[in-house]
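# the amino acid sequence is not available; the structure is as follows:
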């Protein structure tokens, strides 16, 4: 075996090991709630979905325009959604506009019962039975919350529950900046 071949035999595994180590370390120190979204800065995707209470009433992306708001992706099968629901009710009571996107619930009736039992923090609720619209938003699972500006553009995406800590540290400053009409608003 030549000297060059021996060096390659030693170097290639070492290079692969170092590359894998750097990749894993980067993931170890990343925040899983900070998933980037290709939609940030872009208009919300076009859609037409039924209202959760009245499937004869259809809503389009136009409902996500006119004022800054939260779009909250939720489902009855999601335990974290249940955990955040009380806080969403509190935000709604404080006047924060929230639109709900019910994600892949197998029963509209189950979702309506959930809202009737736990309270309905949403100005309106979209029923995305197959999850196609959520997929257009890049949703990985529930809950996810998007901040939408008055022009209907996605400004921020939060993966995980909205609670007091998340609201105060991340979402509220951005939301209030949008309400004041200041640009650019940053997290």
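Nice, I can see it. Computed from a predicted structure; not experimentally measured.

# how far away is residue 132 from residue 40?
21 Å (Cβ to Cβ, to the nearest Å). In this view, the C-beta of every residue, glycine as well, is placed from N, C-alpha and C.

# typo on my end, residue 173
16 Å.

# for the nearest residue to residue 131 once chain neighbours are set aside, grab the count of nearby residues.
Taking Cβ to Cβ, 6 or more residues apart in numbering as the measure, residue 131 lies nearest to residue 104, with 4.3 Å between them; neighbours along the chain are not counted. Residues lying near residue 104 (other Cβ atoms under 10 Å) number 19.

# what pLDDT does the model give residue 104?
At residue 104, the pLDDT value in this model is 95.

# sketch out the low-pLDDT regions of this protein for me.
Within the chain, the stretches falling below the threshold (pLDDT under 70) are 1, 3-4, 6-38, 187.

# please parse it into its domains.
1-30, 48-179 (automatic domain parsing).

# ranking the ones you listed by burial, who's on top?
domain 48-179 (a mean of 18; mean count of other Cβ atoms under 10 Å).

# now do it: distance from first to last residue.
26 Å (Cα to Cα, to the nearest Å).

# again with stretch 59-72
End residues of stretch 59-72 are separated by 16 Å (Cα to Cα).

# ok, and what's touching that stretch?
With contact meaning Cβ atoms under 8 Å, 6 or more residues apart in numbering, stretch 59-72 is reached by 43-51, 88, 91, 96-101, 121-124, 126, 137, 143-152, 155, 162, 171, 175, 178-179.
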